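**Q** build me a model from this:
(one chain, ligands or ions: 2)
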Amino acid sequence: MKKELEIFTFNDLLDLFPYRHLDRTKINLIREITPETEYIQVAGRITSVGVLGEARSRRLVAELRDASGVLELVWFQGINGMQKLLQVGGEYLVFGRTGYFQGTPQITHAEIEPFVKDKTEGQAFLEPIYPTTEKLKGKGMGGRQLSKLTQVLLGLVKEKDLPENLPEAVLSYRDPATGQPFLSRYEAYRQIHFPTHPDLFLRAMYRLKFEEFFIAQLRLGLIKSRRHRYSQGVAFTQVGEFFNGFYTQYLPFELTGAQKKVLKEIRRDTGSGRQMNRLLQGDVGSGKTIVALLAMLLAIDNGFQACLMAPTEILARQHFEGISELLKELPLEVRLLTGSSRSKQRKEVLAAAADGKLHILIGTHAILEDSVLFQRLGLAIVDEQHRFGVAQRARLWNKATIPPHVLVMTATPIPRTLAMTAYGDLDYSVMDELPPGRQPITTVHRYDDRRPQVMDFIRHEVEKGRQAYVIFPLIEESETLDYENLIRGYENLKAWFPEPRYWISRVDGRQSQAERDTNMQRFLAKDTQIMVATTVIEVGVNVPNATVMVVESAEKFGLSQLHQLRGRVGRGREQSFCILLTSPRLNKEARERLNTLCATNNGFKIAEKDLEIRGPGDIGGTRQSGMLNFKLANIVQDRELLELAREMAERVLEKDPDLTAEENRGLKVFLQGQHGKTQWSKIS
Ligand code: ADP
Ligand code: MG
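**A** Ligands and ions are numbered 1, 2, ... in the order given. Modelled structure (predicted):
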């Protein structure tokens, strides 16, 4: 029981919420079962019981009859216990998820108990159904038994055992829809398990969902407000010659309003004497790199070193080359460190970082390794952080005695609700403006049978001197198959472009780093016109001359991934195109994704849609931190409640930043009691 459901204490048991309630007074007829039926409760007589099959297919099969029909009950586990319980001729009450086997309705691992006619009298209005596991069911600890245990426990629990944790200021809130206050914590727990009225059940849900959000927001808010008040940070007090010199002489373009705004925010943060922890959200192509570079120059002007981390070698290298080029007239030491750096070169880089000769270090995860020490690291930037776990971000902090300022830049926008939950401890900047002169990318969806036209189109663009990407999916489960598809696609393309003047590069995960680099390099240098690749090039790659992005089997990609891929084109002044190729058989979700993509180029809108379709999932590498896993609340469906919780948490912390006031005592006690149970420590 402990292991299976992670229940160790009485409180854990109370926190195991029912996933639905069953009206116990309602007993269906077996005849009413249809292929659409999900769960059903029936009552009837067992007419036969027997063990069938051998080894793994060994199962207990019982036949249950009521006046209307026959239902088959099957158990693969807990056979012995169940066999003892079931008497042929006995009457039973059965609940479970229905299915069909060879035309007969069936319930596997049903919850079953002897049927007592008047049992429903004096019972709770609705009976809770708890999540349980097959193994526990086999041991006689199914949902029904859990329900009984919980009922007993709730009978013993006093108000003081479930003390109120919301402060008065929050409890005075009235739900605008109903005018009702929050239920007390004690009442909410009773009602969520054994509601005495459906309205009270809804209020219990409302209260407990709010509590989940509120506590989460409060924790994040506490981290943030403590950092704002107490954290030590290195102060970048001046804007010096590197920043100014670069800005006035080498900046290749005028900054957009959004870029300037973000730089101001960074200057304010880094000048405050507190550590900066800022999340920069900017759509694909909004120009985050130059912001990063200017921030690094600011650090250098103040006598500090800076580092920039990217999620892939290709990207790190590209940043290194781009930034070295931009800084080539300035006396600055910029170095690259990746997993494939040769040991001699690696040693040099490490030495330069440690003795302070190096000003900017660009690299991959390799920078996080303990052997990488800086003399005076003042700023760490994480680019395209989708692939960087939260824990890795924290490792950066330990690279200097006074933790460096941290700027995290996202690859694609994250919806506000999600950012609030996952990165609520960070300050937050948005770049919602693209550099001028960009033409919106034209996106179309085509079925595979139009490939010839698509090839003609590529040819047409290549003839104009442009370049094209053709991307193939590479999904882990079917890696070999996908790889074969990629190779076949590559061969096909060569057949479409047989003339010697056409050159095609290929970049995929099975190539060595050197091979990948060479191929990427050739494409960058325009030696090749077409790049066939898997999603290894997904983020960040910048080839402004490329104007066509063809995505093969586009239905296999997620929305933000497609948006990210599309962002590889439309980086120059020419009109660019994104062509999504799919098979004609598409499910509803895939169709919705493709339609969304064709309809908008706005990453913020796409992110919202993505969240809607997919649910929170693992956006932003947040899964391992457990921050999006609320028990009851759902950040998509309950986003208004999340907003409310955040506002209230902010209000509480504004008045009482350390929660020392008497009226927040209950809250503080609760937070301390929870400490260690959740994984909050991971992000702080
Ligand atoms: P992302 O935000 O996706 O990382 P990049 O930093 O790679 O975007 O910038 C995309 C392209 O836009 C680059 O070619 C960059 O040089 C260019 N760029 C960035 N800022 C501006 C600007 N203010 N005006 C014109 N072009 C810009
Ligand atoms: Mg970028």
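**Q** how about the stretch 351-500 of the chain: which residue is closest to ligand 1?
**A** Nearest residue of the stretch 351-500 of the chain to ligand 1: Pro435, at 3.3 Å (CB to the nearest ligand atom). The C-beta positions use only the backbone N, C-alpha and C, and glycine is treated the same way.
**Q** next one, pLDDT for whichever residue of the stretch 551-684 of the chain sits closest to ligand 1 please.
**A** For the stretch 551-684 of the chain and ligand 1, the shortest gap (CB to the nearest ligand atom) falls at Arg571, measuring 5.1 Å. As predicted, Arg571 sits at a pLDDT of 87.
**Q** follow-up on the earlier one: which phi and psi does the residue of the stretch 351-500 of the chain closest to ligand 1 have?
**A** Main-chain torsions, Pro435, degrees, to the nearest 10: phi -60, psi 150.
**Q** and stretch 10-19, how far apart are its ends?
**A** 19 Å (CA to CA, to the nearest Å).
**Q** ok, residues contacting that stretch?
**A** With contacts defined as CB atoms under 8 Å, 6 or more residues apart in numbering, stretch 10-19 is touched by 5-7, 128-131, 146-147, 149-150, 153-154, 157, 162, 189, 192-193, 208, 631-632.
**Q** okay, now the unreliable bits of the chain?
**A** The chain contains residues with pLDDT under 70 at 1-9, 24-25, 118-125, 133-142, 385-394, 475-478, 536-540, 615-629, 675-684.
**Q** flag every residue of it that's near ligand 1.
**A** By the rule CB under 6 Å from any ligand atom, the part of the chain lying against ligand 1 is 253, 255-256, 259, 282, 284-290, 435, 540, 542, 544, 571.
**Q** quick one: which of the residues you listed sit in strands?
**A** Gly282 (DSSP state E).
**Q** are any of the residues of the chain next to ligand 1 buried, and which?
**A** Neighbour counting with 16 or more other CB atoms under 10 Å marks 255-256, 259, 282, 284-290, 435, 540, 542, 571 as buried within the residues of the chain next to ligand 1.
**Q** and the furthest pair within the residues you listed?
**A** Put simply, by CB to CB the two of those set farthest apart are Leu255 and Gly540, 19.6 Å from each other.
**Q** how near is Gln439 to Ala546?
**A** Applying CB to CB, to the nearest Å, the value for Gln439 to Ala546 is 14 Å.
**Q** of those two, who's got more company?
**A** It is Ala546, of Gln439 and Ala546, that has more neighbours when counted by other CB atoms under 10 Å, with 26 against 12.
**Q** and the strand or helix carrying Val406, what does it pack onto?
**A** For Val406, the enclosing helix or strand under DSSP states H and E is strand 405-409. Under the contact criterion of 3 or more CB pairs under 8 Å, 6 or more residues apart in numbering; DSSP states H and E, strand 405-409 touches helix 257-271, strand 277-282, helix 288-301, strand 377-382, helix 390-396.
**Q** any chance of those in a markdown table, with distance to His228 too?
**A** Shown next, in a markdown table, are the helices and strands packed on strand 405-409 (distance: least, CB to CB, whole Å):
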| stretch | distance to His228 |
| --- | --- |
| helix 257-271 | 10 |
| strand 277-282 | 10 |
| helix 288-301 | 19 |
| strand 377-382 | 18 |
| helix 390-396 | 18 |
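**Q** so what strands line up beside the strand holding Val406?
**A** strand 277-282 (parallel), strand 377-382 (parallel) (DSSP bridges).
**Q** which helices and strands does the longest strand along the chain pack with?
**A** In the chain, with assignment by DSSP E, the single longest strand is strand 39-52. The contact analysis (3+ CB pairs under 8 Å, 6+ apart) places strand 39-52 against strand 20-22, strand 59-65, strand 70-75, helix 79-85, strand 91-101.
**Q** so Gln561 touches Thr535, yeah?
**A** Yes - if you go by CB atoms under 8 Å, Gln561 and Thr535 touch, sitting 6.9 Å apart.
**Q** of the two, which one has the most company?
**A** The neighbour comparison of Gln561 against Thr535 (other CB under 10 Å) goes to Gln561, with 22 against 18.
**Q** what helices or strands is the host helix or strand of the more buried one leaning on?
**A** Using DSSP H and E, Gln561 sits within helix 559-566. Where contact means 3+ CB pairs under 8 Å, 6+ apart, helix 559-566 is packed against strand 546-551, strand 577-582, helix 588-599, helix 603-614.
**Q** the longest helix along the chain vs strand 277-282, what angle?
**A** The longest helix of the chain (DSSP state H) is helix 198-230. Put simply, helix 198-230 runs at 110 degrees to strand 277-282, going by axes from the mean of the first three to the mean of the last three CA atoms, to 10 degrees.
**Q** give the buried residues for whichever helix or strand comes after helix 198-230.
**A** Going down the chain from helix 198-230, the next helix or strand is helix 241-245, by DSSP H and E. Applying a neighbour-count criterion of 16+ other CB under 10 Å, one finds Phe242, Phe243 buried in helix 241-245.
**Q** same thing with stretch 102-110?
**A** By neighbour count on 16+ other CB under 10 Å, the buried set for stretch 102-110 is Pro105, Gln106, Ile107, Thr108, His109, Ala110.
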